[in-house]
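Trainee: sequence and predicted structure are below.
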There are 4 protein chains.
Amino acid sequence: MKEKVVLAYSGGLDTSVMLKWLVNKGYNVIAFIADVGQDDDFNKINEKAIMSGASKVYVEDLKKEFVEKYIFEMFKTNAIYESKYLLGTAIARPIIAKKQVDIALKENTKILAHGCTGKGNDQVRFELTWMKFLPDVKIISPWKEDDWLSEFKGRKDLINYAKKEKIPIDVSLKKPYSTDENLLHISYESGILENTSFKPNENMFKLTKSPKNAPDKEIEIIIEFTRGIPSKIINKTENIEIKGSLNLFNYLNKVAGENGIGRIDIVENRFVGIKSRGVYETPAGTILYKAHQDLESITLDKDVIHLKEHFAPIIAKLIYNGFWFSPEMEMLMSAINKSQENVTGEVYLTLYKGNIIVNGRKSKYSLYNEDLSSMDIEGGYNQKDAAGFIKITGLKYKNLGAKNETMGTKLQVE
Amino acid sequence: MKEKVVLAYSGGLDTSVMLKWLVNKGYNVIAFIADVGQDDDFNKINEKAIMSGASKVYVEDLKKEFVEKYIFEMFKTNAIYESKYLLGTAIARPIIAKKQVDIALKENTKILAHGCTGKGNDQVRFELTWMKFLPDVKIISPWKEDDWLSEFKGRKDLINYAKKEKIPIDVSLKKPYSTDENLLHISYESGILENTSFKPNENMFKLTKSPKNAPDKEIEIIIEFTRGIPSKIINKTENIEIKGSLNLFNYLNKVAGENGIGRIDIVENRFVGIKSRGVYETPAGTILYKAHQDLESITLDKDVIHLKEHFAPIIAKLIYNGFWFSPEMEMLMSAINKSQENVTGEVYLTLYKGNIIVNGRKSKYSLYNEDLSSMDIEGGYNQKDAAGFIKITGLKYKNLGAKNETMGTKLQVE
Amino acid sequence: MKEKVVLAYSGGLDTSVMLKWLVNKGYNVIAFIADVGQDDDFNKINEKAIMSGASKVYVEDLKKEFVEKYIFEMFKTNAIYESKYLLGTAIARPIIAKKQVDIALKENTKILAHGCTGKGNDQVRFELTWMKFLPDVKIISPWKEDDWLSEFKGRKDLINYAKKEKIPIDVSLKKPYSTDENLLHISYESGILENTSFKPNENMFKLTKSPKNAPDKEIEIIIEFTRGIPSKIINKTENIEIKGSLNLFNYLNKVAGENGIGRIDIVENRFVGIKSRGVYETPAGTILYKAHQDLESITLDKDVIHLKEHFAPIIAKLIYNGFWFSPEMEMLMSAINKSQENVTGEVYLTLYKGNIIVNGRKSKYSLYNEDLSSMDIEGGYNQKDAAGFIKITGLKYKNLGAKNETMGTKLQVE
Amino acid sequence: MKEKVVLAYSGGLDTSVMLKWLVNKGYNVIAFIADVGQDDDFNKINEKAIMSGASKVYVEDLKKEFVEKYIFEMFKTNAIYESKYLLGTAIARPIIAKKQVDIALKENTKILAHGCTGKGNDQVRFELTWMKFLPDVKIISPWKEDDWLSEFKGRKDLINYAKKEKIPIDVSLKKPYSTDENLLHISYESGILENTSFKPNENMFKLTKSPKNAPDKEIEIIIEFTRGIPSKIINKTENIEIKGSLNLFNYLNKVAGENGIGRIDIVENRFVGIKSRGVYETPAGTILYKAHQDLESITLDKDVIHLKEHFAPIIAKLIYNGFWFSPEMEMLMSAINKSQENVTGEVYLTLYKGNIIVNGRKSKYSLYNEDLSSMDIEGGYNQKDAAGFIKITGLKYKNLGAKNETMGTKLQVE
């Protein structure tokens, strides 16, 4: 009997050829197509998988779970990789890889395959998740294996193989860069983008207008959060109100994209040590990141904010590197979840030509105290206490200052 | 003989009344006016100090030193307080307070005074710096002292005192919020802004146009950095080139402000534990922060970037809380300076209606390697190595997975 | 009607005089005596409180709760202040201060008093806990208040007042240093110990023999932990087995003390910025700290261990500074509790003349894998994978090395 | 012409066979023997290298450089891996690997070989250092390569090969565990030690007596440090004084070992993700670690101590993982070096049967202030200031307390 392999299948040239190639090597190939919100015709991909030799196809709609259990969980943490990247691809891999294991278990096999390159992050994210949920997984990763690499030197070989094997390909669709799309973002990288001084054409972008092309009109929106999770969007300008995790996320993507929000062009450091140029569109995410942090500013204690700020890059690195499912991540998420208990309230925003302008925020759990903040009234604060506070806080300088040659006297600014 | 006190003097109602009040209490008051780039008529303030009773006035132009030894040094660190605030006021206090000590030493006194409120951060920044450079300083901080507080309950008492003492006041100028201005920014807080749902009027802003009112035109600029310090600005659209620390910073403020860049509206946590709403305009700083970080993305090693990201909030907190001159800050700056040795190169930006769009970056020290990054050629990278890399990296899951009840199996997403 | 105040009462000269003094100032004073394991005659202290004028006395036995909810919780975290101090006093203050609030609420008052000095840490720990559970507390802290300070310049004044007021005092007991005792430790500080070159006499120590005087005999013990909490002690040498939180902690104190374990002599940094010399005896705690960490070495994932190591000094600082009850501590404890789910097993120790020698550890959740660890068999590990691992890990040097003047080439060792 | 390879040669069975095997494969093999203080007969090893087929042998005495540029530099940082391991092997690898590159450059080759296993840390430390200084190095690591692995399944194959090739071997010397020795430590691991419940025999230990067997006599020593570096040892009990980096380190090893100091038995986490049991003897290092930290307690500012405590595990991990020569390490060492400017003074210790008892410390740069510390005199400290300090510090509880359902009220101890 043939060995079964579950292949993460996208419908593109690479995985289509790979599917057939695995069949030709004697495997019973099951294609797994994950719908995480990319703009695809899943019927067509399903069909193509069959035509490429799949014995069975799973098309899984993961959108709701992706928004609720991955995207929204991640946005609680304010994770942003290298201060710039909202982890759009990184957070989609764990759900896909985990579902692939579920299918493998159902199909009673331990052989899993993906079509990721050997230079990127996705291979790591897939394989670590597989190893986590299926420790004795047998991994097929053709782009890291000799027999594949010796047969397919470049795109041309893939096309020839497809032609020979009668795999339908749509060469006209070929773009001079690669993209990854899901509910949270589209990424663009490699190809012509490898030249970091090449500025991509406006027509590359799919989810967002450029600020220049966005309408010259301010849109007022309100985002409500409940325990750190977005629970309602109100577009005041257009009198629209949206609820439901997936609905509101889709709507937010739409309104953000129309108003030119969410593009970045960066050079990031891949886990494998390669610096890589990436262009990203993350419309809804860019707004959520800012709005959530703003609501935290009134609902969280100062030291909790500072602790979260300290954790954010640690968490971002874990997600980026493929450790979403890891004991250290569980530990950190326990702390994060604790912190979100009162992150409930509303944030008022204006969207305008690429700008997200925060106009205010409100919460029944607000720790902002207008009286205490006031410069005109005491509000329970005795200014004289500050004298003692500062004297004690500065006591260390008394010690340092009493020495002739202390470190403290050799200042960098002199 | 009268005791001498050096008062940090702004020319406003508070410090003018304070000056006279100190004279009336029997002090010989020396007024110290620091020019850190605020939009003031220093001759007029000088005059007013004399009219308020100062025996001597120092007006010190600190702009160049402020830009070179404080602002630019700080921007090496990517410090940003609570992920939002570029520390415009915080970084100006140490230079002012240190100069005030210099004057005290010259005048042979150890008595220093400031007019900061007892609820804010500035009192701490002043007094810590004084304690650092003059450990046996005698501090006069009227807003924390009984005799002043009992005499001046509110603004009205100050005005009456000024009238009685013939101190010139310009009541018409009174704004319904307080501001602090210097080369790096203007802050607006308190008064009508204490209501966090109050959206300030457009006419409050001084350094920036709103994105809405900014011209509908893209401006292309290039910023050159040398060892982490901005060294040249080129406005390609208008064919302008600016060098010299102060010149270029002033120019950058101008072009940023015109294009609607640099406003934020936040709630921050003061060192004394009060949540406070602040509105800030930081035109040049907002661009520099983004451009510097972008140049670092190609000139710094991945792990150096991650270490700097870890340090940034620590450093921001130190600066915010008044520890610019402290041994822990010196330690951190030694590390930061080491990291900046190769942060030399150019960043290409488009400014447009509030947006700072990064178009590219270039450096002779770039660690970005197009061949290595390429998905089409190997560039010295053997993809098969990645298989080993991932297997070793995921080895921990082998252990975890072999257990029945390990922590790792109780996942947050299930 | 007189205002009620609840005073944390120790039975010593200071708080006895303070009690009477508060009565003489017109307060109805309720004495609160916390039994956290110090070696005291509580009946006698109770009586003395009455004789000093207390209208009512609460003696609360907090030992079990102290061990279970404070000491054992803290030891989960491996917190150790400045790498040396096991926080014996710091962890006792929150429970005492919290119980004092409970009594105040029962007695329907908001006035609380303690006898801590104004230079120490304990005042902070008491008052922060009070503020936490009784935000509108009225604090009486005589050593920080003018009326007390003007009346009591030194010990002599206290004795005279006691004599005058017929408060029983036992002058013979006066030690030339101050101590604080509870189940976890005794501290010695101030007085003759302020001279850091003064080596205390052997007769100062109360809980431990010196290594020199300890018996020349090795004692073998086993400590069992359940989810990070010590659950059984077995003394194999003497064939003794102890269960029950308080019993086992008391027993561990005894056997540790007899074998010369748990003394340190350090200079630490108080929260108020003073460097202070402290001598501590922490017999059971010293063993627990080491044993718990050792068990974690086999039951925790590598990255969890590293995260905990990162948290430990942060947590230690929070506990030391009085933030045991704080939202940031709750956040961190959520993470710590998550990590302890599998910290179940046994540690084998030899105690000998001050030494705690770890002989081994065992756990059903052990992640130690003898096959994997073996140098002789593969155990599921393919050594060839390591080649790829290292090549990818070292890829950054390829980039750095390709540059002529990169930072990397200016090495500190040349 | 034959290709040259420089092999790190120890004289043991593995590298002797490896040497010959490389010769048989057609290489011109140059043996490099690093003397980092291990107890070896270098003439004999030299001879053996020749007999095994080396064309040339380098024996390099690296002891002084190792102590001064590696060991002492590392001890400035207080690095200790996983709170237990003083990095004795980890810190020796960079100097050996770097010297090997120097020889390769002199010999005009880029081919380097080592005999480390594919499961351990040393392979990483060697290869990362090689890649750093010779980015286009060609690495021969037989234990990770097919041709070697297929020929040598176990020790027996090595012995047979040696016999066949007439390589002198001393089978009687074979120990049932492997060791690594240098000036700083000896490690014991693998073999019989892989069973973590196996307690090694007393005769395994080489550098230290057990506490039990150490003399029942207290030895008093003084260690002087200059800018963080040990500069003199005085044995007061035996009236001996030692200077000079290597001399004093050797002496400290001797006196520590005699007094039963420096053994640990741990389970650690290797970089490659394997948990490994190690037994270590680090006599001098154990004392230096403790003494240096103690001197820092009086010579460093509180916040500098806390920052160093935060860095220590980060640095330990870098050294352990092989990143001694890395830009992130340079950054951190810049900070560390800054911190050590005043770490000059003496520490007084008693050594006794495994105990290192700190009796006191002294420094002309001491920040300890007896007056300030005193509970009897003010010393420039106004206790009333503490009232303000605490009120401001606890202000956050006012906010939290004013809420009905704040996070803060759901306490872990209830």
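Mentor: Structure received.
Trainee: where are the low-confidence patches of the stretch 151-300 of chain A?
Mentor: A:171-173 (pLDDT under 70).
Trainee: ok, now which ones touch the closest residue to chain C within it?
Mentor: Relative to chain C, the nearest point of the stretch 151-300 of chain A is A:G273 (3.4 Å; CB to the nearest CB). Backbone N, C-alpha and C define where each C-beta goes, glycine included. Taking CB atoms under 8 Å, 6 or more residues apart in numbering or on different chains, we find A:G273 in contact with B:K302, C:I392, C:T393, C:G394, C:L395, C:K396, C:N399.
Trainee: ok now the helix or strand where A:I336 lies, how far from the chain's centre?
Mentor: According to DSSP states H and E, A:I336 maps onto helix A:327-339. Computed by CA atoms, centre = their mean, to the nearest Å, the chain-centroid distance of helix A:327-339 equals 18 Å.
Trainee: repeat that for stretch A:320-334.
Mentor: Counting by CA atoms, centre = their mean, stretch A:320-334 comes out at 14 Å from the chain centroid.
Trainee: stretch A:207-225 now?
Mentor: Distance of stretch A:207-225 from its chain centroid, counting by CA atoms, centre = their mean, is 21 Å.
Trainee: SS state for A:L248?
Mentor: helix (DSSP: H, G, I helix; E, B strand; the rest coil).
Trainee: let me see the contact set for it.
Mentor: Counted by CB under 8 Å, 6+ apart, A:L248 has contacts A:P230, A:S231, A:K232, A:I233, A:I242.
Trainee: near chain D, from the contacts of A:G273?
Mentor: C:T393, C:G394, C:K396 (CB under 8 Å from any CB of the partner chain).
Trainee: list the contacts for the second one?
Mentor: Counting by CB under 8 Å, 6+ apart, C:G394 makes contact with A:G273, D:E127, D:L128, D:M131, D:K132.
Trainee: what does the pLDDT read for it?
Mentor: On the pLDDT scale, C:G394 is placed at 90.
Trainee: before we move on, what about A:A335?
Mentor: Reading off the model, A:A335 has pLDDT 98.
Trainee: again with the one 5 residues further on
Mentor: In the prediction, the pLDDT value recorded for A:Q340 is 98.
Trainee: what number of residues lie near it?
Mentor: A:Q340 has 22 neighbours, counted by other CB atoms under 10 Å in any protein chain shown.
Trainee: can you pull the phi/psi pair for it?
Mentor: Main-chain dihedrals, A:Q340, degrees, to the nearest 10: phi -90, psi 0.
Trainee: repeat that for A:S190.
Mentor: phi 60, psi -180.
Trainee: in the stretch 1-150 of chain A, which spans are helices?
Mentor: Using DSSP state H, counting those that start in this stretch, the helices of the stretch 1-150 of chain A run over A:13-24, A:42-51, A:63-65, A:72-76, A:92-107, A:122-133, A:146-151.
Trainee: ok, the residue in the stretch 251-400 of chain A that chain B sits nearest to to B:S178 distance?
Mentor: Nearest residue of the stretch 251-400 of chain A to chain B: A:Q383, at 2.6 Å (CB to the nearest CB). A:Q383 sits 16 Å away from B:S178, going by CB to CB, to the nearest Å.
Trainee: higher neighbour count, these two?
Mentor: A:Q383 (19 against 16).
Trainee: quick one: end-to-end length of stretch A:368-380, please.
Mentor: 14 Å (CA to CA, to the nearest Å).
Trainee: can you point out the buried residues in it?
Mentor: Neighbour-count burial for stretch A:368-380, counted by 16 or more other CB atoms under 10 Å in any protein chain shown, picks out A:Y368, A:N369, A:L372, A:S373, A:S374, A:M375.
Trainee: let me see the contact set for the fifth one.
Mentor: The contact partners of A:S374, by CB under 8 Å, 6+ apart, come to B:S190, B:E194.
Trainee: repeat that for 10 Å
Mentor: A:Y381, B:K119, B:S190, B:G191, B:E194, B:I274, B:S276 (CB atoms under 10 Å, 6 or more residues apart in numbering or on different chains).
Trainee: buried residues, the helix or strand harbouring the last one. List them.
Mentor: Under the assignment given by DSSP H and E, the secondary-structure element containing B:S276 is strand B:275-281. Buried residues in strand B:275-281, defined by neighbour count with 16+ other CB under 10 Å: B:K275, B:S276, B:R277, B:G278, B:V279, B:Y280, B:E281.
Trainee: just those that are near chain A?
Mentor: B:K275, B:S276, B:R277 (CB under 10 Å from any CB of the partner chain).
Trainee: which residue does chain A have closest to chain D?
Mentor: For chain A, CB to the nearest CB, closest residue to chain D: A:G388, 2.4 Å.
Trainee: I'd assumed B:I139 was in contact with that residue.
Mentor: No - taking contacts as CB atoms under 10 Å, A:G388 lies outside contact range of B:I139: 12.0 Å.
Trainee: between these two, which is the more surrounded one?
Mentor: Neighbour count, other CB under 10 Å: between A:G388 and B:I139, A:G388 has more, with 24 against 21.
Trainee: residue contacts, A:D61?
Mentor: Shown in contact with A:D61 (CB under 10 Å, 6+ apart): A:I33, A:A34, A:D35, A:V36, A:G37, A:F42.
Trainee: which one is A:D303 nearest to, not counting chain neighbours?
Mentor: Among residues not flanking A:D303 along the chain, C:E328 sits closest, at 4.1 Å (CB to CB, 6 or more residues apart in numbering or on different chains).
Trainee: so which residues on the stretch 51-200 of chain A come close to chain C?
Mentor: Selection of the stretch 51-200 of chain A residues close to chain C by CB under 10 Å from any CB yields A:G118, A:K119, A:V124, A:P135, A:D136, A:K144.
Trainee: measure how buried the fourth one is and give me the count.
Mentor: Taking other CB under 10 Å as the neighbour definition, A:P135 ends up with a count of 17.
Trainee: now do the third one
Mentor: Under the neighbour criterion other CB under 10 Å, A:V124 is assigned a count of 25.
Trainee: would you enumerate the residues in contact with it?
Mentor: A:V124 neighbours (CB under 10 Å, 6+ apart): A:90, A:93, A:116, A:270-272, A:320-323, B:386, B:389-390, B:393-394, C:392.
Trainee: leaving out chain neighbours, which residue sits closest to it?
Mentor: The spatially closest residue to A:V124, leaving aside those adjacent along the chain, is A:G322, at 4.4 Å (CB to CB, 6+ apart).
Trainee: ranges for the strands of chain A?
Mentor: Assigned strands in chain A, in chain order: A:4-8, A:28-35, A:56-61, A:111-113, A:138-140, A:178-181, A:186-189, A:219-226, A:229-235, A:240-243, A:263-269, A:275-281, A:345-352, A:355-362 (criterion: DSSP state E).
Trainee: got the confidence number for A:N404?
Mentor: 38.
Trainee: show me the domain layout of chain A.
Mentor: With domains defined by automatic domain parsing, chain A comprises A:4-65+A:86-175, A:180-300+A:342-362.
Trainee: would a markdown table of those with distance to D:I298 be doable?
Mentor: Below are the domains of chain A laid out as a markdown table (distance: least, CB to CB, whole Å):
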| stretch | distance to D:I298 |
| --- | --- |
| domain A:4-65+A:86-175 | 46 |
| domain A:180-300+A:342-362 | 38 |
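Trainee: for B:W148, which of the ones you listed is the nearest?
Mentor: Nearest to B:W148, of all the domains of chain A, is domain A:180-300+A:342-362, at 32.2 Å by CB to CB.
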